[in-house]
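> Following is a predicted model, sequence given first.
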Amino acid sequence: MANNAYIFPGFGLGLVISAEALANQVTQENFEKGLIYPPFSNIRKISANIAANVAAKAYELGLATCLPRAENLLKYAESCMYSPVYRS
């Protein structure tokens, strides 16, 4: 029951914001090529943009716990992303 009361409402809101952020990144050019998602080759940029949008909504609703708010949420999201580095 804890999931239903505590987790799912926030998860659902984040999911809606994420879906909107993803949809906003699909260009007319993508549609003309028959794509319904932006190209996977841009996945890191797309993911950071989605994270920044979710964070912005959390701040807007007073739900964010990382205070103070970063000046640039996109750059902050990018700085938090894992960057794999492999030894050659």
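Yep, it's here.
> quick one: contacts for residue 50?
Applying C-beta atoms under 8 Å, 6 or more residues apart in numbering to residue 50 gives the contacts 18, 21, 22. For glycine as for every other residue, the C-beta is placed from the backbone atoms N, C-alpha and C.
> Which strands and helices lie in contact with the helix or strand hosting the second one?
Using DSSP states H and E, the element containing residue 21 is helix 8-23. Contacting helix 8-23 under the criterion 3 or more C-beta pairs under 8 Å, 6 or more residues apart in numbering; DSSP states H and E are the following elements: helix 43-60.
> Give me the mean pLDDT for the helix it packs on.
Across helix 43-60, pLDDT averages out at 96.
> Can you point out the buried residues in that helix?
Neighbour-count burial for helix 43-60 flags 46-59 (criterion: 16 or more other C-beta atoms under 10 Å).
> The nearest residue to residue 10 once chain neighbours are set aside and residue 85, how far apart?
Ranked by C-beta to C-beta, 6 or more residues apart in numbering and with sequence neighbours excluded, the top spatial neighbour of residue 10 is residue 63, at 7.7 Å. Using C-beta to C-beta, to the nearest Å, residue 63 is found at 33 Å from residue 85.
> Tell me which of those two has more neighbours.
Neighbours of residue 63 and residue 85, each counted by other C-beta atoms under 10 Å, are more numerous for residue 63; the result is 11 against 5.
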